[in-house]
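Undergrad: Provide a 3D model corresponding to the input given below.
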Amino acid sequence: MADQSVHMKQFEEAKTLHNHGVNGDKKAVIKANEMLLKIRESEPDNALIEAYYGSTLVLLGRDAVKILEKADKAQEGLDALNQAVSLDSNHKEIRLLRGNICVRLPESFFHCSETAIEDFTFLLDHYKENSSYLTQKQVREVLRNLSLAYQNVGKPDKADAVLQRLVQLERKKNHKKREGVDH
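TA: The predicted model follows:
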């Protein structure tokens, strides 16, 4: 049990480094990847660890100089993210990670915008069933990314329909703000 709490503490530290890496810190990406590689060896069936490990691989690909290394790391990361989803297909954080990555990778090379659509639709379906499943900020981000994914696969009508949902959500939010101020 003590090992697991040590791993979880290290995992939280790796997640923090990962998030710094998402924001452009290349050294944080390398450190997070190294930490996750070790934690992953101790917990090979932990889907969330696998997902963050995959995400760090994609980030290493983003930061690589050589084109082949960029492509190889990104593909290796996608494979790990797909493995994470196969280990736990209902995990919200994993679906957010994979969807956000898939929508940002070049569609012409990786062909994973359909996967992003699957992930974002999964998240929105669960949100419809339980309004506390996602925060309002997450709902807006998922809708923006879903629209982008539809654009990436050449479905502008579906992209526009999703943007309309986003506009309606923003109107509701602004209306609630005004009601709160008026009363």
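
Undergrad: every contact and neighbour count from this point should use C-alpha atoms.
TA: Fine.

Undergrad: the helices in this structure, which residues?
TA: Counting by DSSP state H, the chain forms helices over residues 2-22, 26-42, 47-63, 67-87, 92-104, 107-110, 113-129, 136-152, 156-182, given from the N-terminal end onward.

Undergrad: and the shortest one, how far from the chain's centre?
TA: To tie it back to what came earlier, the one meant is helix 107-110. The gap between the average C-alpha position of helix 107-110 and the chain average comes to 18 Å, counting by C-alpha atoms, centre = their mean, to the nearest Å.

Undergrad: against Val167, how distant is the one residue sitting closest to the centre of the chain?
TA: With the centre of the chain defined as its mean C-alpha position, the nearest residue by C-alpha atoms, centre = their mean is Leu97, 1.8 Å away. Using C-alpha to C-alpha, to the nearest Å, Leu97 is found at 24 Å from Val167.

Undergrad: what residues go with each domain of this protein?
TA: Structural domains of the chain, as assigned by automatic domain parsing, span the residue ranges 1-88, 108-183.

Undergrad: would you list these in CSV and tack on mean neighbour count?
TA: As requested, the domains of the chain are arranged in CSV below (neighbours: other C-alpha atoms under 10 Å):
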stretch, mean neighbour count
domain 1-88, 19
domain 108-183, 16
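
Undergrad: can you list the weak-confidence ranges in the protein?
TA: When residues are selected by pLDDT under 70, those of the chain lie in 1-3, 175-183.

Undergrad: how about 90 then?
TA: 1-8, 166-183 (pLDDT under 90).

Undergrad: circling back to that earlier point, in TSV, list the domains of the chain along with distance to Ile101.
TA: Output for these, formatted as TSV (distance: least, C-alpha to C-alpha, whole Å):
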stretch	distance to Ile101
domain 1-88	8
domain 108-183	8
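
Undergrad: ok, which of those domains comes nearest Cys102?
TA: Cys102 lies closest, by C-alpha to C-alpha, to one member of the domains of the chain: domain 108-183, at 5.3 Å.

Undergrad: and the closest one, how far out from the chain's middle?
TA: The chain centre lies 14 Å from the centre of domain 108-183; the measure is C-alpha atoms, centre = their mean.

Undergrad: for the remainder of this discussion, apply numbering that starts at 12.
TA: Taking 12 as the first residue, the last one we looked at is domain 119-194.

Undergrad: can you list phi and psi of Asn57 for me?
TA: phi -90, psi 110 (degrees, to the nearest 10).

Undergrad: kindly apply the preceding question to Leu116 instead.
TA: Here the main-chain torsion angles of Leu116 (degrees, to the nearest 10) amount to phi -80, psi 150.

Undergrad: noted, bye for now.
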